[in-house]
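Asker: Kindly generate the corresponding structure for this input.
(one chain, ligands or ions: 1)
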Amino acid sequence: MQRQDYLIRAMLGDNQARLFALRTTDVVKEAAVNHQTTPVATAALGRTLTMGLVLGAMLKGEEMISIQIKGDGPLQGIVVSANGRGLVKGYVGNPRVELPLSEDGKLAVGEAVGKGNLHVIRDLGLKEAYQGTVPLQTGEIGEDFAYYFTHSEQTPSAVGLGVLVGVDGVPLGSGGIVVQLLPDAMSDGVFIAALEERLTHMAAVSSLFSQDQTVEQIVESVFTEIPLRIIDTQKVRLQCDCSWERFEQALITLGREELQELVNAGETIETICHFCNQRYNFTVDQLNTLLSGLGNSRE
Ligand SMILES: [Zn+2]
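Answerer: Numbering: from 1, shown residues only. All right, here's what the predicted structure looks like:
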């Protein structure tokens, strides 16, 4: 299957707003298979993965961004990580959550997420990672990020996210459109009104991305008569960067005492990556090797 997921970066008007638009159908399909998510969990995870890629697109190369949605709903939270190269990974606390559709016939994402906080952690390669936290507004993810950008980053933003899930539970379309006003435009009432008019009358994002249109065609159909200049495009995909070595490192950081206890227990240790469900086993022999590798150094 040829992957078609990609993100475009563009400017709107006379460089008055920046736009990110992306198709994430394949990302979400793959995540739904990996985690065996129910439709409402697929929608919640898919929207957050989509947002992770947008935040990633605001970074440079190897910088990382993490999203933690800590809500008190039955989904038990969402964690997503992305980088500036279009790679994203993520999981939800309870992928098997089932809820009746909301009154308007939509997947009850807000109810699944519940009340709580949205945390965004930027690892810019410095020792201290920057963190921004806002209270969840609706738990529908899009509105929560619009609030985050406006209040935590002082950038008025509109966020449209959507995952359309078929009756068989397979995602049919997924994507997002994020528009951010640049400082010069914040006093331009005419431009803001035109932008708001287009966004208000935009079709549901999930249906836009389930049709056979390119991302460029979608944004051109939404922002009619507003000059749109595409700056670049970037492929996006779901990819975990876990490895046996990374889990080995995590075991080493447990320290001598705990490692010794694991060796004494005499059983193979099975570790699992939450992001992709890959398992990594460590035999007693391997644990012993790690232990002796610690040498006589004091902790
Ligand atoms: Zn993994």
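
Asker: Pull the contacting residues for Gly142.
Answerer: Residues near Gly142 by CB atoms under 8 Å, 6 or more residues apart in numbering: Arg47, Met51, Val159, Gly160, Leu161, Gly176, Val205. All C-beta spots, glycine's among them, are computed from the backbone N, C-alpha and C.

Asker: Also Ile69?
Answerer: Shown in contact with Ile69 (CB under 8 Å, 6+ apart): 48, 77-79, 113, 116-119, 136, 139, 141, 144.

Asker: what's the distance between stretch 48-59 and the middle of its chain?
Answerer: The chain centre lies 6 Å from the centre of stretch 48-59; the measure is CA atoms, centre = their mean, to the nearest Å.

Asker: From here on, call the first residue 2.
Answerer: Done: numbering now begins at 2, and the last item shifts to stretch 49-60.

Asker: For that stretch, list the C-alpha coordinates in PDB.
Answerer: Taking C-alpha atoms only, stretch 49-60 is exported to PDB below (Å, rounded to 0.1, in the frame of the first residue of the first chain):
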ATOM      1  CA  THR A  49      -3.900  13.500  19.200                       C
ATOM      2  CA  LEU A  50      -1.400  11.800  16.800                       C
ATOM      3  CA  THR A  51      -2.500  14.300  14.200                       C
ATOM      4  CA  MET A  52      -1.900  17.200  16.600                       C
ATOM      5  CA  GLY A  53       1.500  15.700  17.600                       C
ATOM      6  CA  LEU A  54       2.600  15.900  13.900                       C
ATOM      7  CA  VAL A  55       1.500  19.500  13.700                       C
ATOM      8  CA  LEU A  56       3.500  20.400  16.900                       C
ATOM      9  CA  GLY A  57       6.400  18.400  15.400                       C
ATOM     10  CA  ALA A  58       6.200  20.400  12.200                       C
ATOM     11  CA  MET A  59       6.800  23.500  14.300                       C
ATOM     12  CA  LEU A  60      10.100  22.000  15.500                       C
END
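
Asker: Quick check: mean pLDDT of it?
Answerer: Stretch 49-60 carries an average pLDDT of 96.

Asker: from the middle of its chain, how far away would the longest strand along the chain be?
Answerer: If you go by DSSP state E, the chain has its longest strand at strand 172-182. Remark: strand 172-182 is offset 12 Å from the chain centroid, using CA atoms, centre = their mean.

Asker: And for stretch 213-233?
Answerer: Taking mean C-alpha positions (CA atoms, centre = their mean), stretch 213-233 and its chain are 23 Å apart.

Asker: Flag every buried residue along that stretch.
Answerer: Val216, Ile219, Val220, Val223, Phe224, Ile227, Leu229 (16 or more other CB atoms under 10 Å).

Asker: Could you write out the alpha-carbon coordinates of it in PDB?
Answerer: Provided in PDB are the C-alpha atoms of stretch 213-233 (Å, rounded to 0.1, in the frame of the first residue of the first chain):
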ATOM      1  CA  ASP A 213     -10.300  11.300  -2.500                       C
ATOM      2  CA  GLN A 214      -8.800  14.800  -2.400                       C
ATOM      3  CA  THR A 215      -5.200  15.900  -1.900                       C
ATOM      4  CA  VAL A 216      -4.400  18.100   1.200                       C
ATOM      5  CA  GLU A 217      -3.800  21.000  -1.200                       C
ATOM      6  CA  GLN A 218      -7.200  20.600  -2.800                       C
ATOM      7  CA  ILE A 219      -8.800  20.400   0.700                       C
ATOM      8  CA  VAL A 220      -7.200  23.700   2.000                       C
ATOM      9  CA  GLU A 221      -7.900  25.500  -1.300                       C
ATOM     10  CA  SER A 222     -11.600  24.500  -1.100                       C
ATOM     11  CA  VAL A 223     -11.800  25.700   2.500                       C
ATOM     12  CA  PHE A 224     -10.000  29.100   2.100                       C
ATOM     13  CA  THR A 225     -11.500  30.200  -1.200                       C
ATOM     14  CA  GLU A 226     -10.500  33.700  -2.200                       C
ATOM     15  CA  ILE A 227      -7.900  34.000   0.500                       C
ATOM     16  CA  PRO A 228      -4.400  34.000  -1.000                       C
ATOM     17  CA  LEU A 229      -2.700  30.700   0.000                       C
ATOM     18  CA  ARG A 230       1.000  30.100  -0.500                       C
ATOM     19  CA  ILE A 231       2.300  26.600   0.100                       C
ATOM     20  CA  ILE A 232       5.800  26.700   1.700                       C
ATOM     21  CA  ASP A 233       6.600  23.000   1.800                       C
END
